[in-house]
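>>> I would like to see how this sequence folds:
(chains A and B)
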Number of protein chains: 2
Amino acid sequence: MNNSNKQKELLVTNDDGFQSKGIQALAQMLREFGNVTVVAPTTAQSGKSASITLDQPLMIEKIRTEPATKALGSLRVYTLSGTPVDCAKMGINGFINEGHMPDILVSGINHGSNASAASIYSGTLGAAIEGTLYDVPSVGLSICTHDENPDLSAVLHYSRLIIRRVLEDGLRRTVYLNVNFPAIPLEQIRGIRMARQGMGRWIKEFDHRVTRRGKHYFWMVGEFEDQEAVGAPDADHHLVDSGYISIVPHSIDTTAYDEVERLHDLWDLDNNMENS
Amino acid sequence: MNNSNKQKELLVTNDDGFQSKGIQALAQMLREFGNVTVVAPTTAQSGKSASITLDQPLMIEKIRTEPATKALGSLRVYTLSGTPVDCAKMGINGFINEGHMPDILVSGINHGSNASAASIYSGTLGAAIEGTLYDVPSVGLSICTHDENPDLSAVLHYSRLIIRRVLEDGLRRTVYLNVNFPAIPLEQIRGIRMARQGMGRWIKEFDHRVTRRGKHYFWMVGEFEDQEAVGAPDADHHLVDSGYISIVPHSIDTTAYDEVERLHDLWDLDNNMENS
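Numbering: from 1, shown residues only, chains lettered A, B, ... in the order given. Take a look at the predicted model:
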């Protein structure tokens, strides 16, 4: 463990639940930087976006601890019966850290892409949004396969570089990082690229069924519809498809500032729209 | 009903569930513009953000219909056992509209503020995000009280003006509107203002309890911590507190574009961070 990093406190969560391979590999790697606290959902929480649990109690359980070694920080693993945002809140605001802010929040390694429109529904990024709200530099990491046992060599190698820079440089207030990795071995990675959130959406989303009693119900399915031009060079999902690691800086302030003035004038708000 | 609006199709949802006063008053008012289809959650879905239901089937039920009259469009009310985003998807992509896109999606009237950081967790706005993803102009409406039976006179008066303008002018692609109303009668409203998402967050969020068997659990509570300077004139929650209606244009593209280039240079991505 690098001396200058000895005191770092790292908070780790995800949306696949504490038992997934991605979060376990991540937590171990991060011990190179300092003391790691995992607060992860008890059960899978994919598609939970930034949702919070208001209508039921949150049960917490301490799963295991490992002491610090010469080379590695300590590890504490908790599970929480809530969403990724609940987990982030518990790690930042809850009783676990007794008022000490973590130096970084890392969410992942998610099994499945969070590029393009997936970023909207992502519980992995919900947790990163929450960390950012509390001024904790926050990073979401995802590998673009739903394989439960993927080759994480590239993710671990490049995440290490990214985490080191975020710990050293911080991130701008309101900004978090959404990093997506192609599911290919380290030696096939073509590079790392800064990117923008690619445009796309799901179509044909509902598998329609009818019960024997005539009730209609649906399972959510869907096909991804790419809305980017072929070869758009800076859309995150295109980059990942081409063998690059994409890093999108997202903001938790989602105000469309250029629309504030335009709509003010267009709608004559000085007269409270009464003349419109 | 205005002739030019006769063919308008309006999709309505919310996060409080189909039985709330807010959505019922909204649906009736919107019939002035055309045919209204309500697809609302069966049960309350507050705090669900943009979450989707992947792990269980979605049950749909048709609750009631009212035919069009000389003055008003028709009304169809469905409930769906899912989140606000599920409802938006069902109204846009599902079997209800048989491939016809609605002219507008209106989510609300939410009972409770969705200004400032509440916008992050809001199911009301989750639905508006979803509409925007499908290029349906989308508006979230919220009255800043949890009263189940609030005075909606101001909300209905000004929502009518806002909806008319959105139907006429559309909204820029990727942009939806988050409108918050103070819980005061129409005659006390000081005006309508374009605003930005105010900065704030919740603190002291967990009510910690212990079961008789020694298990730790928590209820989510919390106090709002305002992070804006006193009197910040354009923060949405300040405006609402001062008796104004706030309209924030939010974007579903949350890329922090100014950070893309800065981090590219800072982190020497041309060399894939290997020298850092």
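
>>> use CA for all of it now, contacts and neighbours both
Fine.

>>> just the strands in chain A please.
Under the criterion DSSP state E, chain A carries strands at the ranges A:9-13, A:35-41, A:58-66, A:75-80, A:104-111, A:138-143, A:175-181, A:191-194, A:200-203, A:206-210, A:216-220, A:223-226, A:244-251.

>>> Could you save these as JSON lines and add columns showing mean neighbour count and mean pLDDT?
Below are those laid out as JSON lines (neighbours: other C-alpha atoms under 10 Å in any protein chain shown; pLDDT from 0 to 100):
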{"stretch": "strand A:9-13", "mean neighbour count": "28", "mean pLDDT": "97"}
{"stretch": "strand A:35-41", "mean neighbour count": "28", "mean pLDDT": "97"}
{"stretch": "strand A:58-66", "mean neighbour count": "15", "mean pLDDT": "96"}
{"stretch": "strand A:75-80", "mean neighbour count": "20", "mean pLDDT": "97"}
{"stretch": "strand A:104-111", "mean neighbour count": "30", "mean pLDDT": "98"}
{"stretch": "strand A:138-143", "mean neighbour count": "29", "mean pLDDT": "98"}
{"stretch": "strand A:175-181", "mean neighbour count": "29", "mean pLDDT": "98"}
{"stretch": "strand A:191-194", "mean neighbour count": "22", "mean pLDDT": "97"}
{"stretch": "strand A:200-203", "mean neighbour count": "17", "mean pLDDT": "94"}
{"stretch": "strand A:206-210", "mean neighbour count": "14", "mean pLDDT": "93"}
{"stretch": "strand A:216-220", "mean neighbour count": "18", "mean pLDDT": "93"}
{"stretch": "strand A:223-226", "mean neighbour count": "13", "mean pLDDT": "94"}
{"stretch": "strand A:244-251", "mean neighbour count": "26", "mean pLDDT": "98"}
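
>>> Reformat the ones you listed as a markdown table; add distance to residue B:103.
Below are the strands of chain A laid out as a markdown table (distance: least, C-alpha to C-alpha, whole Å):
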| stretch | distance to residue B:103 |
| --- | --- |
| strand A:9-13 | 40 |
| strand A:35-41 | 39 |
| strand A:58-66 | 40 |
| strand A:75-80 | 42 |
| strand A:104-111 | 36 |
| strand A:138-143 | 35 |
| strand A:175-181 | 33 |
| strand A:191-194 | 36 |
| strand A:200-203 | 18 |
| strand A:206-210 | 21 |
| strand A:216-220 | 24 |
| strand A:223-226 | 21 |
| strand A:244-251 | 29 |
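
>>> closest to residue B:81 out of those?
Among the strands of chain A, strand A:216-220 comes nearest to residue B:81, with 9.4 Å by C-alpha to C-alpha.

>>> Can you list the strands that the closest one pairs with?
Strand pairing for strand A:216-220, determined by DSSP bridges: strand A:206-210 (antiparallel), strand B:58-66 (antiparallel).

>>> Quick one: distance of the shortest one to the chain centre.
Put plainly, it is strand A:206-210. From the chain centre to the centre of strand A:206-210 is a distance of 30 Å (C-alpha atoms, centre = their mean, to the nearest Å).

>>> repeat for stretch A:158-171
15 Å.

>>> tell me the mean pLDDT over that stretch?
Mean pLDDT, computed over stretch A:158-171, is 97.

>>> export that stretch as PDB, just CAs?
Output of stretch A:158-171 as PDB, limited to C-alpha atoms (Å, rounded to 0.1, in the frame of the first residue of the first chain):
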ATOM      1  CA  TYR A 158      -7.800   0.200 -15.900                       C
ATOM      2  CA  SER A 159     -10.000   0.800 -12.900                       C
ATOM      3  CA  ARG A 160      -6.900   0.900 -10.800                       C
ATOM      4  CA  LEU A 161      -5.500   3.700 -13.000                       C
ATOM      5  CA  ILE A 162      -8.800   5.600 -12.900                       C
ATOM      6  CA  ILE A 163      -9.400   5.300  -9.200                       C
ATOM      7  CA  ARG A 164      -5.800   6.500  -8.500                       C
ATOM      8  CA  ARG A 165      -6.400   9.600 -10.500                       C
ATOM      9  CA  VAL A 166      -9.800  10.300  -8.900                       C
ATOM     10  CA  LEU A 167      -8.300   9.900  -5.500                       C
ATOM     11  CA  GLU A 168      -5.400  12.300  -6.400                       C
ATOM     12  CA  ASP A 169      -7.400  14.900  -8.500                       C
ATOM     13  CA  GLY A 170     -10.900  14.600  -7.100                       C
ATOM     14  CA  LEU A 171     -13.800  15.300  -9.400                       C
END
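
>>> Report the buried residues of that stretch.
Across stretch A:158-171, burial judged by 16 or more other C-alpha atoms under 10 Å in any protein chain shown covers A:158, A:159, A:160, A:161, A:162, A:163, A:164, A:165, A:166, A:167, A:170, A:171.
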